[in-house]
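> I'll drop the sequence and a predicted model, then ask my questions.
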Amino acid sequence: MKKTSFILGLALLAIIPMFMALSPKAEKPAETQWRVVTVIESVVPGNLGRSKIATMDSNGTATEVEIKNLFSLTGVNFKNVQDNNRGITDFLAKNTAEGYELVEVIPGNFGDNNSQGIFMTRFIFKK
């Protein structure tokens, strides 16, 4: 009886590692990917400012897309505002289509007066 118990014990010790090797491995959760999109719109008149959509991914990939300044020499250029809205909307839709979820929007404006400065909006995405 002792010999049989001993042999069964050894067999069990040999079988356990086999079952452990065949059991499904716990998968590591997917790492969150981040994308920051910063829209900078210049309020410097006469196309002297620079306006862009700048993007940075978790992996360090950066892109920049030119957009139009909000002001011309005579004041607010509403065509440029509409063009920028279209471009920004398309850009946000592209990120959503790539599986990113918008998690935060951070607005800001910088400048000393109405004719010098920028509007900056940062969009934080994750997937």
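Cool, the structure landed.
> just the helices in the protein please.
Using DSSP state H, the helices of the chain run over residues 2-22, 78-97.
> restricting to C-alpha, output stretch 29-36 in PDB.
Listed next in PDB are the C-alpha coordinates belonging to stretch 29-36 (Å, rounded to 0.1, in the frame of the first residue of the first chain):
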ATOM      1  CA  PRO A  29      -3.700  43.500 -20.300                       C
ATOM      2  CA  ALA A  30      -3.100  45.600 -23.300                       C
ATOM      3  CA  GLU A  31      -1.100  48.700 -22.600                       C
ATOM      4  CA  THR A  32      -3.000  52.000 -22.900                       C
ATOM      5  CA  GLN A  33      -2.000  54.100 -25.900                       C
ATOM      6  CA  TRP A  34      -2.200  57.900 -25.600                       C
ATOM      7  CA  ARG A  35      -2.500  60.600 -28.200                       C
ATOM      8  CA  VAL A  36      -2.300  64.300 -27.500                       C
END
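> residues contacting the residue lying closest to residue 100 once chain neighbours are set aside?
Of all residues not flanking residue 100 in the chain, residue 125 sits nearest, at 3.8 Å (CB to CB, 6 or more residues apart in numbering). All C-beta spots, glycine's among them, are computed from the backbone N, C-alpha and C. Neighbouring residues of residue 125 by CB atoms under 8 Å, 6 or more residues apart in numbering: 34-37, 95, 100-103.
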